[in-house]
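Colleague: Got a predicted structure plus its sequence, pasted below:
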Amino acid sequence: RKEVEQDPGPFNVPEGATVAFNCTYSNSASQSFFWYRQDCRKEPKLLMSVYSSGNEDGRFTAQLNRASQYISLLIRDSKLSDSATYLCVVNLGNFNKFYFGSGTKLNVKP
Amino acid sequence: GAVVSQHPSRVICKSGTSVKIECRSLDFQATTMFWYRQFPKQSLMLMATSNEGSKATYEQGVEKDKFLINHASLTLSTLTVTSAHPEDSSFYICSATAELAGGFYNEQFFGPGTRLTVL
């Protein structure tokens, strides 16, 4: 079983739509969680860290559910510029091991 | 956020030559640096984890004699692709992270990547 699993998509949504991605992780010892965004032929860039209490940054909201071992990313009022691949990343803390999901592709259409 | 640079950004070489890629953390000391490879339309694949002053830990299936990693300081790691062949053509990305108190690690900061083409 993979350490981190994501639906690869693609998610094709119209501008203005709300879209949500989930990501599940297998190791209950995981301590840090992140969402990265990767544009085509570019390096991943941190979108947001995910905290136990959940966190929001503008149109983006991230949630962590430790009991069910998943994290989520909600994007409201989608923009064309949100089109990218969204990577879920989990860190095992003391083991200094980061695990990447395979990414979920989002296409926002006009 | 922290800045990680990578050099060169693009390299084209002949088959059989060796290529060195540098990864630098510009404004922080990186406890650990990671090297990834990404083929078109595929996800990042971790190649190795590198801690300053110690030997890199390679992922299964990655040849350590072909992909030489040197991590001489807390701000510099290099990846050398030895005797490169066309199948080594890929997007190579490094990242750096630093250890926080309590054994946690902050997020990874990625370099802009190096696109290697072996003819």
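Modeller: Arrived safely.
Colleague: B:Thr117 is in contact with B:Tyr92, correct?
Modeller: No - with contact defined as C-beta atoms under 8 Å, B:Tyr92 does not reach B:Thr117; the gap is 11.4 Å. All C-beta atoms are positioned from the backbone trio N, CA, C, and that covers glycine.
Colleague: Quick check: which ranges of the chain have low pLDDT?
Modeller: Since you didn't name a chain, this refers to chain A. A:93-96 (pLDDT under 70).
Colleague: should've been chain B
Modeller: B:1, B:99-106.
Colleague: Who has more neighbours out of B:Tyr92 and B:Thr117?
Modeller: Between B:Tyr92 and B:Thr117, B:Tyr92 has the larger neighbour count (other C-beta atoms under 10 Å in any protein chain shown), namely 23 against 13.
Colleague: mind listing what the nearest residue to the more buried one once chain neighbours are set aside touches?
Modeller: Spatial nearest neighbour of B:Tyr92, chain neighbours left out: B:Thr114 (4.7 Å); criterion: C-beta to C-beta, 6 or more residues apart in numbering or on different chains. Counting by C-beta atoms under 8 Å, 6 or more residues apart in numbering or on different chains, B:Thr114 makes contact with B:Gln6, B:His7, B:Pro8, B:Ser9, B:Arg10, B:Val11, B:Ile21, B:Phe91, B:Tyr92, B:Ile93.
Colleague: which one of those has the most neighbours?
Modeller: B:Ile93 leads the contacts of B:Thr114 on contacts (other C-beta under 10 Å) with 26 neighbours.
Colleague: Helix or strand next in line after whichever helix or strand that one is part of, which one?
Modeller: If you go by DSSP states H and E, B:Ile93 is part of strand B:90-97. Following strand B:90-97 in sequence order, the next helix or strand is strand B:109-110 (DSSP H and E).
Colleague: Nice, that's everything, thank you.
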